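K.L.:
Predicted structure and sequence below. I'll ask about it afterward.
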Amino acid sequence: MISSNYLNKIFCGDALKILKNLPDNFVDMGITSPPYNKGENKRGWLVKNVKYSASSDKLPEKDYQNLQIKVLNELFRIIKEGGSFFYNHKLRWEKGELYHPIDWLRKTKWIIRQEIIWDRMIAANIRGWRFWQVEERIYWLYKPKNKNLIGEELKSKHALLTSIWRFSPEKNNSHPAPFPIELPTRVIYSIMDDNKGTIIDPYCGSGTTLVVAKILGHNFIGIDISQEYVNNSYQRLKNFENEKIKVIEELQKHVVNKTFQDRKKNNKFTGRFSNQNKKQKFIEVSLFDNKD
Ligand SMILES: C[S@@+](CC[C@H](N)C(=O)[O-])C[C@H]1O[C@@H](n2cnc3c(N)ncnc32)[C@H](O)[C@@H]1O
């Protein structure tokens, strides 16, 4: 089957099984937030427990990590050389033992290009064993091209956004754990810029990644095990126009007016946020000399 037969569809089923049937090297990039294997027993005091409609989130940790490695390696095969995958996860503790996503990411074929902190500013549990964990992690995984492990430079207008992303969790969505729409927007626009291609999300839930892909003019491939979520996502995609505003707001953060060199020359502040201005205001500078 030619790869175009897979485009702009949402497959209902197990991610690993479906990924195994997709061709090699035809997708440009992807982003996902998998089930976190949280055992469904963690009581959230501020936010409801996460329970998906068609799957349990309860595997022996070793089996869970092995499954994630297999899924990530299938994605590595499917994504083109020079392509990227963004993997959202978090640090978890079980009976005092830390499970860090790096534990299994290092066992995949991907190059770990960056760890991004997603500051959600709120999270389910506040108990006193640790400081209130309000962050999640986003791993930028990279598939080398021509044995170059570093890859191409990001344009300044994307790279200036820093490695700490502050987005509140999404509230207007019936799915138990949706992305805020700004998050896949930042990921996809930073990597694809004005190029068009194909974006995959193998645990696409309410379809947030797919809606962003559509708004930005890309093809998409979604997978989710829940028929209910797949149906809802198709419905959401039909009304994608209604979600453009937040996507456009995120795109407006990708702006460079002055390079660092310009600012330095004029003796202007070159840090991220100016101390003189207590309101955290964007200083639109470029890391490099190009004003893209
Ligand atoms: C964290 S949610 C993803 C939410 C999504 N990012 C969004 O914006 O709505 C994880 C999703 O994985 C799905 N899922 C769980 N097990 C799966 C499996 N084996 N294969 C495919 N999807 C699965 C769940 O139904 C759930 O929708």
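P.N.:
All right, it came through fine. Owing to the predicted nature of the structure, the values given are computational and were not obtained by experimental measurement.

K.L.:
Can you say which helix or strand has the closest residue to the ligand within the stretch 151-292 of the chain in it?
P.N.:
For the stretch 151-292 of the chain and the ligand, the shortest gap (C-beta to the nearest ligand atom) falls at residue 205, measuring 2.6 Å. To be clear about C-beta, it is placed using only N, CA and C from the backbone, and glycine gets the same treatment. Under DSSP states H and E, no helix or strand contains residue 205.

K.L.:
is it true that it touches residue 170?
P.N.:
No. Residue 205 is beyond contact range of residue 170, at 10.5 Å (criterion: C-beta atoms under 8 Å).

K.L.:
what is in contact with those two at once?
P.N.:
In terms of C-beta atoms under 8 Å, 6 or more residues apart in numbering, residue 205 and residue 170 are both contacted by the residues 178-179.

K.L.:
Distance of residue 224 relative to residue 34?
P.N.:
From residue 224 over to residue 34 the distance is 11 Å, taken as C-beta to C-beta, to the nearest Å.

K.L.:
what's the answer for residue 10, then?
P.N.:
16 Å.

K.L.:
What of residue 196?
P.N.:
26 Å.

K.L.:
ok, residue 205 and residue 170, which is more surrounded?
P.N.:
The residue with more neighbours, out of residue 205 and residue 170, is residue 205; 26 against 17, by other C-beta atoms under 10 Å.

K.L.:
and the more buried one, what does it touch?
P.N.:
Residue 205 neighbours (C-beta under 8 Å, 6+ apart): 33, 175, 177-179, 224, 229, 233.

K.L.:
Can you check the pLDDT for it?
P.N.:
On pLDDT, residue 205 comes in at 98.

K.L.:
re earlier: so which of residue 196 and residue 34 has more stuff around it?
P.N.:
residue 34 (18 against 11).

K.L.:
Residue 27 reaches residue 77, doesn't it?
P.N.:
No. Applying C-beta under 8 Å, one finds residue 27 not in contact with residue 77, separated by 9.9 Å.

K.L.:
between the two, who's got more neighbours?
P.N.:
The neighbour count for residue 27 versus residue 77, taken as other C-beta under 10 Å, is higher for residue 27 (25 against 15).

K.L.:
Quick check: residue 224 touching residue 230?
P.N.:
Yes. Contact between residue 224 and residue 230 holds when scored by C-beta under 8 Å: they sit 5.5 Å apart.

K.L.:
So which residues on the chain come close to the ligand?
P.N.:
14-15, 33-35, 52, 54-55, 175, 177-179, 203-206, 208, 223-226, 229 (C-beta under 6 Å from any ligand atom).

K.L.:
who does the strand ranked longest in the chain touch, helix- and strand-wise?
P.N.:
As assigned by DSSP state E, the longest strand anywhere in the chain is strand 79-89. Identification of packing neighbours for strand 79-89 by 3 or more C-beta pairs under 8 Å, 6 or more residues apart in numbering; DSSP states H and E yields strand 27-32, helix 61-78, strand 135-142, helix 182-192.

K.L.:
Flag the shaky bits of the stretch 1-150 of the chain, pLDDT-wise.
P.N.:
Residues of the stretch 1-150 of the chain that meet the criterion pLDDT under 70 lie in 1-2, 40-50, 125-126.

K.L.:
In strands, which of the residues of the chain next to the ligand appear?
P.N.:
Of the residues of the chain next to the ligand, the ones assigned to strands by DSSP E are 223-224.

K.L.:
Show me which of the residues of the chain next to the ligand are buried.
P.N.:
14-15, 33-35, 52, 175, 177-179, 203-206, 208, 223-226, 229 (16 or more other C-beta atoms under 10 Å).

K.L.:
Would you double-check that residue 261 falls in a helix?
P.N.:
Yes. Under DSSP: H, G, I helix; E, B strand; the rest coil, residue 261 falls within a helix.

K.L.:
Give the burial count for it, as a bare number.
P.N.:
Residue 261 is flanked by 13 other residues according to other C-beta under 10 Å.

K.L.:
ditto for the one 10 residues further on
P.N.:
Residue 271: 9 surrounding residues under other C-beta under 10 Å.

K.L.:
ok, now residue 230?
P.N.:
Close neighbours of residue 230, defined as other C-beta under 10 Å, add up to 23.
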